[in-house]
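**Student:** test case, fold it:
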Amino acid sequence: MKTLSAACLALTVLAATFAGASRADETCNSPYMANLIKGQEDYIHLWTLGIKGIGDGSDKLVTVDVDPASPRFGKVIASLSVGGRGDAHHVGFTDDRKYLWAGRLQDSKIFVFDVGTDPAKPRLVKTMHDVVQKSGFVGPHTFYALPGRMLVGFLSNKRDMGGATGMAVYNNKGDLISKYDNPTGKIGDVQGDGYGYDLAINPGRNAMLTSSFTGYTNYRTELPKLIKDPAAMQKFGNTMVLWDFKAMKPQQIFSTPGAPLEIRWSQAEGDNWAITATALGSKLWLIKPDAAGRWQARDVGPIGDPAQTPLPVDMSITADGKGCGSTPSWTARPACST
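**Tutor:** Residues are numbered from 1 along each chain as shown. The predicted structure follows:
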């Protein structure tokens with residue numbers, strides 16, 4: 001049985017829309033994850049927001065049958081409530097695809113679901129209530145599989161609920177192993193801001209990239225109100241960080257103004273570049289070594305008029321590295337080429 005997490009669902013649809021992809025596009029997933037989907041998936045697991053007055057009003061993991069040959073095609077076949085509403089956000093498979101980790105940004109709980117025993121009927125096997133107390137970080141955002149472990153990127157901290165944050169490594173059982181602060185000092189001539197959002201790894205180059213967003217106080221504020229607050233709008237990340245992945249040490253900081261969010265490495269053979277989009281700057285940024293081997297970040301294309309707040313919040317590159325898509329829709333469709 002093959003399953004696809006909600007974190008990649010929108011990306012798969014976009015890849016098919018923009019580039020005619022014939023197979024699942026999982027460039028959002030960790031390269032350490034075994035058995036990436038190469039064809040038709042059987043189920044999709046959706047991590048959904050609870051809404052007051054609908055059902056029990058709680059966040060849920062919903063399973064949809066997407067096998068075209070199934071009599072239940074397109075129907076919800078399982079719904080697993082976790083209780084309460086805490087701003088359900090991203091999910092990520094463990095390296096063996098047997099478990100799915102899901103996080104909430106408001107209460108910082110992490111839920112671990114068994115999706116391997118019976119993919120049609122996931123089971124909640126662990127709820128992590130002490131994430132903030134043990135890690136010091138708030139808002140678990142990105143869940144990135146490592147061999148036998150899970151790397152989690154956070155958005156905020158418990159000290160001041162601001163943007164300075166970091167990452168934590170857990171084993172697949174949910175035990176905290178180590179944690180790492182994002183840099184706040186200068187590396188070279190670029191000042192670190194400590195903010196965090198996404199992370200992605202290129203094992204062949206021992207390179208990890210992290211991006212930046214904003215802290216708890218900002219992301220829990222309604223967008224129309226936030227946009228009208230000049231002081232709050234100054235509290236967004238404007239950098240990306242290149243890490244020595246094995247040593248978990250920052251090596252370079254790139255200036256990428258406007259809250260760079262999702263990071264996608266090209267998975268095409270021989271490629272050595274990644275791309276991100278800035279939510280507030282509405283631009284694509286390419287991260288790639290120059291002729292001398294020094295990594296550089298450069299603005300390679302506009303997505304829309306920042307004054308119109310297009311807010312590109314997610315993106316995908318096709319598995320062949322020749323096209324890209326973003327959520328919400330583009331006003332233009334630039335290619336993610338080098």
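
**Student:** which strand or helix spans residue 167?
**Tutor:** According to DSSP states H and E, residue 167 maps onto strand 166-171.

**Student:** list the buried residues for that strand?
**Tutor:** Neighbour counts over strand 166-171 (16 or more other CB atoms under 10 Å) mark 166-170 as buried. No exception for glycine: its C-beta is placed from N, CA and C like everyone else's.

**Student:** residue contacts, the residue nearest to residue 138 when sequence neighbours are not counted?
**Tutor:** Of all residues not flanking residue 138 in the chain, residue 156 sits nearest, at 3.9 Å (CB to CB, 6 or more residues apart in numbering). Applying CB atoms under 8 Å, 6 or more residues apart in numbering, we find residue 156 in contact with 137-139, 162-163, 165, 215-217, 219.

**Student:** again, 10 Å this time
**Tutor:** Contacts for residue 156 (CB atoms under 10 Å, 6 or more residues apart in numbering) come out as 105, 108, 132, 137-139, 141, 162-165, 195-196, 213-220.

**Student:** just checking, what packs against the strand holding residue 167?
**Tutor:** Where contact means 3 or more CB pairs under 10 Å, 6 or more residues apart in numbering; DSSP states H and E, strand 166-171 is packed against helix 131-135, strand 137-146, strand 149-157, strand 176-181, strand 207-210.

**Student:** who does the fourth one pair up with?
**Tutor:** Paired with strand 176-181 in the same sheet, following DSSP bridges, are strand 166-171 (antiparallel).

**Student:** now the third one
**Tutor:** With DSSP bridges as the criterion, the sheet partners recorded for strand 149-157 are strand 137-146 (antiparallel), strand 166-171 (antiparallel).

**Student:** can you give me the mean pLDDT across the first one?
**Tutor:** Just to be clear, that refers to strand 137-146. The average of the pLDDT scores along strand 137-146 is 97.

**Student:** run the chain-centre distance for that strand.
**Tutor:** In terms of CA atoms, centre = their mean, to the nearest Å, the centre of strand 137-146 is found 8 Å from the chain centre.

**Student:** all helices for the chain, in order.
**Tutor:** 6-19, 131-135, 216-219, 223-227, 230-233 (DSSP state H).

**Student:** by contact count, what packs against the second one?
**Tutor:** This points to helix 131-135. strand 137-146, strand 149-157, strand 166-171, strand 176-181.

**Student:** indicate which one of those is closest to residue 119.
**Tutor:** The closest of the helices and strands packed on helix 131-135 to residue 119 is strand 137-146. By CB to CB, the value is 17.1 Å.

**Student:** buried stuff in that closest one?
**Tutor:** Buried residues in strand 137-146 (16+ other CB under 10 Å): 137-146.
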